[in-house]
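K.L.:
just a sequence and a predicted model for now, questions to come.
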Amino acid sequence: MLKHKMTLGQVFNFKDPNARTRCILVISVALEAVITYITTGVFWTEFLRGYHMEAEEIGILAFSPFVASLFVIFAPSLLTKFKKRRFVLAACKLMYYVCSIFALTMLPRMITDATMLVICMSVLQFIAYIFNIIAVSGYAAWHVKFLPERMRAHYMTFNQFAAAFLPGILMMFVAMYADKISSMPDDLLAFWEFVRHLGFALGVLDVVLLCLPREVDYPVIRTPKFRDIVTIPLSNKKYMLVMLLVFAWQFSLYCHNTFLQVYLMDTIGVTYFLYCFIIFVYPFFFPFSMKFWQNRIQKTSWLRALALALLIEAPLQILYGFIRPDLAPWLLAGMLLLVRLPQHFAGVGRNTIVANMQYLNMPHHNRTCYTSFYQIVYNLGAAAGLLFGTLFVAMSKSLAVPMFGYTYTGGIPWLIVFSGVLQLGIVAYVLLMGKRLEPENEEKGEL
């Protein structure tokens, strides 16, 4: 609870040096959100589709970031070797943008062999995300000094607005123009390349901005041994039961998520504008749904609130798999909104709860080991789900299932359904395990 009422004018202004730094940071957040919107997700997928990549090849490319993320535990020990880190971090961030945007955009024009292209792009992505892990870890330790506890909530709230609303508007304009030229493949591919080059230019600007804040004295961090990172959490049964939940959730999300974009665009015929509009409206669910989920967590528990969120999402996820392209455009749009908008409502609570799960049943000692172990489980769950989904899509190309007067082809719709079934399994796990999952002296959370 904040003791003193803060205003945005106190958090962000150009008179106080620390407030001026926060202005720089929030501009950087907005820039990074724009870059993420226009160079990843559906726009990245469609760029790859422009070079005739299949869904399973896109799935293979998605592995690299998760493999690279496993190296996050080594970033702090590497950074402790540098007393001043401004230009080290700037170089890492710049290399991330060079490899993940500029080089990946140019590579398909240089390599024509499909297999070699996938291999080279995977290696480039891996290198890019290693650089980004170092940069993110270093910037977090640097910038936290400018975010005192009394104003952190205001800063984070405005950050969410900056990272969602304003970049979302740009995404909508990109989507509208892409729809306009969608019948001209060469022009559409050229447009995706232009958008990615724009993203790279904004990335360079982001690097320059991040060099502006003054450097601080960095805390000395004792890096735990890798053996302790694994063995200490494994000896905590309650913590491991929660980690099983984290793994299952990540698996259920990533077994279908990468392929969903391809399926909606190529098979269902969803327009770029409709797809991006559904993403764009998500932040608007925060104001009226946050209080509901806060009350659920306080009256029940973190995990029972998660069970409720997934109980809302899972049946809709199963329905999602049965959406078909022969529907009238207005009916297709209506069904997508019927599925996704309630999922947005549940997603506000679910995302917050999942983000907090690393702290459930975590003791006060050896916390570095526990947080590092959480990162490993989090990324392994995603990688395992992605591997399963990629193999399933590759092996089910000839699958054809007639149902409800329509023949569903390929494996992607069944991955979507399977994801919903897994989420129902998570609900059952939480309810059956009950007190064995809950902290003995649980503190009720706040969103």
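P.N.:
Nice, I can see it. Numbers count the residues shown, from 1 in each chain.
K.L.:
right, and the helix or strand after the helix or strand of the chain with the lowest mean pLDDT?
P.N.:
Here the helix or strand of the chain ranked lowest by mean pLDDT, DSSP states H and E is helix 8-11, holding a mean of 63. Scanning the chain past helix 8-11 towards its C-terminal end, the next helix or strand to appear is helix 17-39 (assignment: DSSP states H and E).
K.L.:
what packs against that next one?
P.N.:
Contacts of helix 17-39 with other secondary structure elements, assessed using 3 or more CB pairs under 8 Å, 6 or more residues apart in numbering; DSSP states H and E, are made with helix 8-11, helix 149-180, helix 185-210. Using the backbone N, CA and C atoms, a C-beta is placed for each residue, glycine as well.
K.L.:
can you put those in a markdown table and add mean neighbour count and distance to P224?
P.N.:
Putting these into a markdown table (neighbours: other CB atoms under 10 Å; distance: least, CB to CB, whole Å) gives the following:
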| stretch | mean neighbour count | distance to P224 |
| --- | --- | --- |
| helix 8-11 | 14 | 35 |
| helix 149-180 | 16 | 26 |
| helix 185-210 | 17 | 28 |
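K.L.:
domain boundaries for this protein, per the record?
P.N.:
Residue ranges for the domains of the chain, per automatic domain parsing: 13-223, 224-447.
K.L.:
TSV for the ones you listed, including mean pLDDT?
P.N.:
Converted to TSV, the domains of the chain look like this (pLDDT from 0 to 100):
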stretch	mean pLDDT
domain 13-223	86
domain 224-447	87
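K.L.:
hmm, back to that, a markdown table for the helices and strands packed on helix 17-39, including distance to I27?
P.N.:
Formatted as a markdown table, the helices and strands packed on helix 17-39 follow (distance: least, CB to CB, whole Å):
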| stretch | distance to I27 |
| --- | --- |
| helix 8-11 | 14 |
| helix 149-180 | 8 |
| helix 185-210 | 6 |
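K.L.:
give me the distance between A141 and L147.
P.N.:
Spatial separation of A141 from L147 under the definition CB to CB, to the nearest Å is 12 Å.
K.L.:
which residues are common contacts for these two?
P.N.:
Both A141 and L147 lack any common contacting residue under the criterion CB atoms under 8 Å, 6 or more residues apart in numbering.
K.L.:
out of the helices and strands packed on helix 17-39, which is closest to L274?
P.N.:
If you check each of the helices and strands packed on helix 17-39 against L274 by CB to CB, helix 149-180 wins as the nearest, at 8.4 Å.
K.L.:
all helices for the stretch 251-400 of the chain, in order.
P.N.:
Taking DSSP state H, counting those that start in this stretch to define them, one finds helices in the stretch 251-400 of the chain at 257-262, 272-280, 286-299, 302-320, 329-356, 367-395.
K.L.:
the first one - contacts with which helices or strands?
P.N.:
I take that to be helix 257-262. Checking 3+ CB pairs under 8 Å, 6+ apart, helix 257-262 ends up next to helix 41-50, helix 55-61, helix 367-395, helix 412-433.
K.L.:
out of the ones you listed, which gets nearest to I119?
P.N.:
When the helices and strands packed on helix 257-262 are ranked by proximity to I119 (CB to CB), helix 55-61 comes first, at 9.0 Å.
K.L.:
so what touches that closest one?
P.N.:
45, 48-49, 114, 118, 121-122, 125, 258-259, 262-263, 386, 389-390, 393-394, 412.
K.L.:
the closest residue to A305 other than its chain neighbours: what's it in contact with?
P.N.:
Beyond its immediate neighbours in the sequence, the residue positioned closest to A305 (CB to CB, 6 or more residues apart in numbering) is R296, lying 4.2 Å away. Counting by CB under 8 Å, 6+ apart, R296 makes contact with R304, A305, L308, G349.
K.L.:
and among the helices of the stretch 251-400 of the chain, the most buried is which?
P.N.:
Mean neighbour counts were taken over the helices of the stretch 251-400 of the chain using mean count of other CB atoms under 10 Å, and the top value, a mean of 23, falls to helix 257-262.
K.L.:
and for that one, what's in contact with it?
P.N.:
Looking at helix 257-262 with CB under 8 Å, 6+ apart, the contacting residues turn out to be 41-42, 45, 49, 55, 58-59, 62, 275, 386, 389, 393, 412, 415-416.
K.L.:
swap in stretch 128-135?
P.N.:
Under CB under 8 Å, 6+ apart, the answer for stretch 128-135 is 64-65, 68-69, 71-72, 75, 78-79, 89, 92-93, 95-96, 98-100, 104.
K.L.:
any buried residues in that stretch, and which?
P.N.:
Neighbour counts using 16 or more other CB atoms under 10 Å place A128, Y129, I130, F131, N132, I133, I134, A135 of stretch 128-135 among the buried residues.
K.L.:
wait, F388 sits on S252?
P.N.:
No. Counting by CB atoms under 8 Å, no contact exists between F388 and S252, whose distance comes to 10.3 Å.
K.L.:
check contacts around the nearest residue to M265 once chain neighbours are set aside.
P.N.:
Leaving out its chain neighbours, the residue that sits closest to M265 by CB to CB, 6+ apart is E46, at 6.8 Å. Going by CB under 8 Å, 6+ apart, E46 touches A178, L188, W192, M265, Y272.
K.L.:
quick check: the farthest pair among these?
P.N.:
When CB to CB is used, the two most widely separated members of the contacts of E46 are W192 and M265, lying 12.7 Å apart.
K.L.:
before I go, just wanted to say thanks for your time.
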